[in-house]
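Chemist: here's a sequence, model it:
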Amino acid sequence: MQLLDAGFPDPPALDTAVSHALLLQVAQGHPASLRLHIPGSIVAFGRQDVVQSGYQAACKAAERAGYAAVERLAGGRAAVFHPGTLSFSMTAPVDDPRVGITERFDLISTIMRDAFRTLGADARIGEVPGEYCPGTHSVNIGGSRKVMGVGQRIISGAAHIGGVVVVTGGTKIADVLVPVYEALSIEWDPSTSGDLSDTGATVEQVRQAIHDQFERRFDLTRSSVSDETLELAASLLDTHRPSVSG
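Modeler: Purely as a prediction, here's the structure:
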């Protein structure tokens, strides 16, 4: 499995487009990949958000807070990425898109839980009532504060499992999401937005902990994003830019 640690925050939709390009390439026979990188400041909106009447207002709320609006690759509701977080995505070949969905979610949530526990966190798998972008494979601290969210996108031949780990700035995420979720008419509890700051770990230390857990399960080979992938990603940019104007 290729290990890719480069981020592409400019333009804001490029990071997502790179993951999209990798998904298409893996489906065509390219090697599986794992991306672990520091993202720019974005609010990533899901397909359910895009069809809401308040989507344009939500995008504007994100931009007023200094966060670019991006349409995400995997499912779920709006989530915040910033330089105090880690963006992760694993892209793997699949023979049958209908098989292995839950197993892939289980794998990622277990890896993240175990990584956070090595740092001293009381990490648990499961949805916290009232959390943003809720999911049964979220990882939380002490059953009360979400620190990792994950989504999955499957196409013929490949699956993308990706999301965000919040190392610092859980309160910042809540502040950004309050007006965004209000515009989308989503009820949630901002106090459930957590981070790993109590562990004292840096972003790089958390990245290493996650890397170590993946390395226990996969043969990782450090690589870089190819020019071919970047060219394909450039052609996919409009797919991930907000589908609103004004």
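
Chemist: okay, now residue 192: neighbour count?
Modeler: A count of neighbours around residue 192, defined by other C-beta atoms under 10 Å, yields 20. Bear in mind the C-beta positions are built from the backbone N, C-alpha and C, glycine included.

Chemist: what sits against it?
Modeler: By C-beta atoms under 8 Å, 6 or more residues apart in numbering, the contact list for residue 192 reads 128-132, 140, 144-146.

Chemist: could I get those as CSV with distance to residue 52 and pLDDT?
Modeler: Shown next, in CSV, are these (distance: C-beta to C-beta, whole Å; pLDDT from 0 to 100):
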residue, distance to residue 52, pLDDT
128, 23, 98
129, 22, 97
130, 19, 98
131, 19, 98
132, 15, 97
140, 26, 98
144, 28, 98
145, 26, 98
146, 22, 98
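
Chemist: dump those to TSV, plus secondary structure, distance to residue 240 and neighbour count.
Modeler: Formatted as TSV, the entries for the contacts of residue 192 read as follows, by DSSP: H, G, I helix; E, B strand; the rest coil; distance: C-beta to C-beta, whole Å; neighbours: other C-beta atoms under 10 Å:
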residue	secondary structure	distance to residue 240	neighbour count
128	coil	28	23
129	coil	31	10
130	coil	28	15
131	coil	24	22
132	coil	20	26
140	strand	28	23
144	coil	32	16
145	strand	29	18
146	strand	24	26
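
Chemist: and those, which is closest to residue 118?
Modeler: Nearest to residue 118, judged by C-beta to C-beta, of the contacts of residue 192 is residue 140 at 16.7 Å.

Chemist: mind pulling the model confidence for the closest residue to residue 145 other than its chain neighbours?
Modeler: In space, not counting the residues next to it along the chain, residue 145 is nearest to residue 194; the distance is 2.5 Å by C-beta to C-beta, 6 or more residues apart in numbering. Model confidence at residue 194, expressed as pLDDT, equals 98.

Chemist: likewise the one 4 residues further on?
Modeler: As summarised for this prediction, residue 198 has a pLDDT of 97.

Chemist: same question for the one 5 residues further on.
Modeler: The pLDDT attached to residue 203 in the predicted structure is 98.

Chemist: any idea how far residue 195 is from it?
Modeler: Shown here: residue 203 relative to residue 195, a distance of 11 Å by C-beta to C-beta, to the nearest Å.

Chemist: quick one: which of the contacts of residue 192 is nearest residue 70?
Modeler: Each of the contacts of residue 192 was checked against residue 70 using C-beta to C-beta; the closest is residue 132, at 16.0 Å.

Chemist: skipping adjacent residues, who's closest to the most centrally placed residue in the chain in space?
Modeler: When the chain is reduced to its mean C-alpha position, the closest residue under C-alpha atoms, centre = their mean turns out to be residue 163, at 1.8 Å. In space, not counting the residues next to it along the chain, residue 163 is nearest to residue 150; the distance is 3.8 Å by C-beta to C-beta, 6+ apart.

Chemist: after the helix or strand encompassing that neighbour, next one along is what?
Modeler: For residue 150, the enclosing helix or strand under DSSP states H and E is strand 145-155. Following the chain from strand 145-155 toward its C-terminal end, the next helix or strand by DSSP H and E is strand 158-166.

Chemist: export the helix or strand that that next one is followed by as PDB, just CAs?
Modeler: Toward the C-terminal end, the helix or strand that comes next after strand 158-166 (DSSP H and E) is helix 170-183. What follows is the C-alpha trace of helix 170-183 in PDB, where atoms were taken according to Å, rounded to 0.1, in the frame of the first residue of the first chain:
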ATOM      1  CA  GLY A 170     -12.400  20.900  18.900                       C
ATOM      2  CA  THR A 171     -14.000  24.100  20.200                       C
ATOM      3  CA  LYS A 172     -13.000  25.900  17.000                       C
ATOM      4  CA  ILE A 173     -14.900  23.200  15.000                       C
ATOM      5  CA  ALA A 174     -18.000  23.800  17.100                       C
ATOM      6  CA  ASP A 175     -17.800  27.500  16.600                       C
ATOM      7  CA  VAL A 176     -17.700  27.100  12.800                       C
ATOM      8  CA  LEU A 177     -20.400  24.400  12.700                       C
ATOM      9  CA  VAL A 178     -23.000  26.300  14.800                       C
ATOM     10  CA  PRO A 179     -24.100  28.700  12.000                       C
ATOM     11  CA  VAL A 180     -23.500  26.100   9.300                       C
ATOM     12  CA  TYR A 181     -25.800  23.500  11.000                       C
ATOM     13  CA  GLU A 182     -28.300  26.200  11.800                       C
ATOM     14  CA  ALA A 183     -28.500  27.100   8.100                       C
END
